[in-house]
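> Got a predicted structure plus its sequence, pasted below:
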Amino acid sequence: MEEFKPELVVYVAGTDVVKGDLVGEMDLELETVIKRDEIVFELCKMERNIPVAMTTSGGFQKANAPNIADSIENLIKKRLIKVFD
């Protein structure tokens with residue numbers, strides 16, 4: 001980040017890494033994925049004031065939609081993203 005100095009970060013927040021996903025096979029706990037997303041936003045927005053465009057991807061199990069929602073809810077709670085009315 002120091003060397004490249006991006007003006008925008010496009011973050012592909014895949015959920016195929018979550019435990020039980022047959023494609024990703026990484027078996028990460030949901031809490032780890034939530035923390036991963038939090039670290040990306042803290043690094044970009046809080047430490048460097050770089051805007052982040054987050055897309056969701058991957059994830060091939062029914063539980064992924066609530067997992068994504070939990071992560072976004074955490075980002076809102078920590079004031080790392082804003083919700084517009």
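That came through fine.
> Where does pLDDT dip in the chain?
The chain contains residues with pLDDT under 70 at 85.
> what's the spatially most central residue of the chain in contact with, if anything?
The chain has residue 37 as the residue nearest its centroid, 3.1 Å off, counting by CA atoms, centre = their mean. By CB atoms under 8 Å, 6 or more residues apart in numbering, the contact list for residue 37 reads 13, 54, 71, 74, 75. Backbone N, C-alpha and C define where each C-beta goes, glycine included.
> Of these, which is the nearest to residue 60?
Residue 60 lies nearest to residue 13 out of the contacts of residue 37, by CB to CB, at 14.9 Å.
> What's the separation between that closest one and residue 59?
10 Å (CB to CB, to the nearest Å).
> Find the residues that touch each one of these two.
Common neighbours of residue 13 and residue 59 (CB under 8 Å, 6+ apart) are residue 68.
> For burial, what's the neighbour tally of the closest residue to residue 82 other than its chain neighbours?
Leaving aside its chain neighbours, residue 82 sits nearest to residue 76 (7.9 Å; criterion: CB to CB, 6 or more residues apart in numbering). Here the number of neighbours of residue 76 (other CB atoms under 10 Å) works out to 12.
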